[in-house]
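1. here is my input; please provide its structure:
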Amino acid sequence: MSRQRSVEPVAASILVDEIGLETGVYGRYRLRSLYQPLFRIASDMLIPEALEASVLPMLKSLPVDRDGFLASVDPAAQADVLSLCNLMHIGNHHHARHDSLSLHVPFRRSMLCGQTALEHLALTFARLAETGFPPKSLVCSVQNPEPCDLEAVERSLAVLNAAGVGVAMEGFGLHTETAELLERLQPRIVSVDGSWFRRIADERAALRLMRQVIKSLKRRGAKVLVKGLESPAHLLAALSVDADLVQGDLLARAEEAGCVADVRPLDIGRIFRDPETVVVSLK
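-> Down below sits the predicted model:
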């Protein structure tokens with residue numbers, strides 16, 4: 001039988017089934033954890049590095065659009081619901097059967113500033129302690145769709161950094177404030193937006209400029225992740241700009257918690273030789 005774990009002050013709850021799999025509950029919605037692998041480029045291979053968590057909203061047992069779900073959430077409760085999802089992702093991580101991989105969870109900037117920021121951080125640390133998940137294996141991916149007090153964000157990130165939690169900055173390529181954010185937040189990873197990168201993937205001049213930008217980011221000590229790869233041409237572009245990490249449906253699709261995902265090193269050469277098949281390691 002399932003049991004219910006309340007999550008305060010989050011305006012929702014988590015159901016835990018008989019095998020420990022967690023499902024979030026918000027109104028009529030049931031929320032599940034999705035994990036998509038992220039790979040490190042190493043010579044001619046792609047080596048599994050991490051899992052990126054996202055939420056799969058379900059309504060009457062059918063999946064619904066994530067953005068549509070969030071749009072239906074009361075704006076005053078959105079940060080709480082997203083925090084709930086992160087607690088669930090941490091709790092479900094071991095069901096992905098890849099405990100050696102780090103976990104990337106999304107944090108909107110609104111969750112890192114304002115009066116509830118410390119509550120969200122406290123809930124995160126309590127969940128890490130409860131599950132035994134090591135803080136050094138967690139990466140906070142900062143999304144920035146809304147304006148926020150950067151000084152407050154810096155204070156929250158300083159707390160995360162002091163605990164060993166990594167910081168990634170999302171949405172590179174989309175936001176005009178990127179340079180200021182990089183300077184102030186000092187992320188461990190800079191994530192290049194997939195939709196933006198796919199638009200420039202066949203533009204040689206843009207890729208040459210991107211390579212120089214990535215070189216500058218690396219001098220700051222950041223690794224660069226290119227997301228949203230959907231074709232061998234996108235992977236080739238990511239290799240050409242000297243990215244450190246890559247992710248996308250070309251390499252591995254997101255799987256629900258509870259599924260045993262096949263996360264193995266990938267042979268880059270085989271991706272280009274046989275792009276229409278599911279890619280597996282030859283080694």
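2. lowest average confidence, helix or strand, in the protein?
-> strand 3-7 (a mean of 47; mean pLDDT, DSSP states H and E).
3. burial check on Phe172, number of neighbours?
-> Other residues within reach of Phe172 by the criterion other CB atoms under 10 Å amount to 25. From N, CA and C alone the C-beta is placed, and that goes for glycine too.
4. next, the contact list for it, please.
-> If you count contacts by CB atoms under 8 Å, 6 or more residues apart in numbering, Phe172 has them with 178, 190-193.
5. pull the distance from whichever helix or strand comes after the least confident helix or strand of the chain to the chain's centre.
-> Where DSSP states H and E defines the elements, the next helix or strand beyond strand 3-7 is strand 12-16. Remark: strand 12-16 is offset 21 Å from the chain centroid, using CA atoms, centre = their mean, to the nearest Å.
6. one more: stretch 98-117?
-> For stretch 98-117, the distance from its own C-alpha centre to the chain's C-alpha centre is 9 Å (CA atoms, centre = their mean).
7. quick one: end-to-end distance for it.
-> With CA to CA, to the nearest Å as the measure, stretch 98-117 spans 30 Å from end to end.
8. now the helices for the stretch 51-200 of the chain?
-> 66-72, 78-92, 117-131, 150-162, 178-185, 194-200 (DSSP state H, counting those that start in this stretch).
9. as CSV, these with distance to Phe172, mean neighbour count and mean pLDDT would be great.
-> CSV is the format used below for the helices of the stretch 51-200 of the chain (distance: least, CB to CB, whole Å; neighbours: other CB atoms under 10 Å; pLDDT from 0 to 100):
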stretch, distance to Phe172, mean neighbour count, mean pLDDT
helix 66-72, 20, 13, 89
helix 78-92, 21, 24, 92
helix 117-131, 23, 17, 92
helix 150-162, 16, 16, 89
helix 178-185, 6, 14, 75
helix 194-200, 8, 17, 95
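10. neighbours of Asp202, just the number please.
-> Applying other CB under 10 Å, we find 12 residues neighbouring Asp202.
11. correct me if wrong: it contacts Ala237.
-> Yes - counting by CB atoms under 8 Å, Asp202 touches Ala237, with 7.5 Å between them.
12. what residues are up against Phe107?
-> 82, 86, 120, 140-143.
13. pLDDT value on it, please?
-> If you check Phe107, the pLDDT there is 90.
14. that one and Lys136, how far apart?
-> 17 Å (CB to CB, to the nearest Å).
15. skipping adjacent residues, who's closest to Gln143 in space?
-> Glu170 (4.7 Å; CB to CB, 6 or more residues apart in numbering).
16. ok, the one you found - how many residues close by?
-> 24.
17. do you know the pLDDT at Ala12?
-> So, for Ala12, pLDDT stands at 63.
18. now the one 3 residues further on
-> Listed pLDDT for Leu15 reads 90.
19. just checking, it touches Glu22?
-> Yes - if you go by CB under 8 Å, Leu15 and Glu22 touch, sitting 7.0 Å apart.
20. and those two? Which one has more around it.
-> The residue with more neighbours, out of Leu15 and Glu22, is Glu22; 22 against 16, by other CB under 10 Å.
21. the more buried one and Ala77, how far apart?
-> With CB to CB as the criterion, Glu22 and Ala77 are 19 Å apart.
22. so, low pLDDT: which residues of the stretch 151-283 of the chain?
-> 176-178, 275-283 (pLDDT under 70).
23. quick one, strands of it?
-> Remark: strands assigned in the stretch 151-283 of the chain by DSSP state E, counting those that start in this stretch are 166-172, 189-192, 223-226, 245-246, 255-256, 266-267.
24. JSON lines for those, including distance to Met111?
-> Supplementary listing: those in JSON lines, determined by distance: least, CB to CB, whole Å:
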{"stretch": "strand 166-172", "distance to Met111": "13"}
{"stretch": "strand 189-192", "distance to Met111": "17"}
{"stretch": "strand 223-226", "distance to Met111": "21"}
{"stretch": "strand 245-246", "distance to Met111": "24"}
{"stretch": "strand 255-256", "distance to Met111": "24"}
{"stretch": "strand 266-267", "distance to Met111": "33"}
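25. of all those, which lies closest to Ala96?
-> Closest to Ala96 of these is strand 255-256 (CB to CB; 7.5 Å).
26. what pairs with that closest one, and is each one parallel or antiparallel?
-> Neighbouring strands of strand 255-256 in its sheet, by DSSP bridges, are strand 29-42 (antiparallel).
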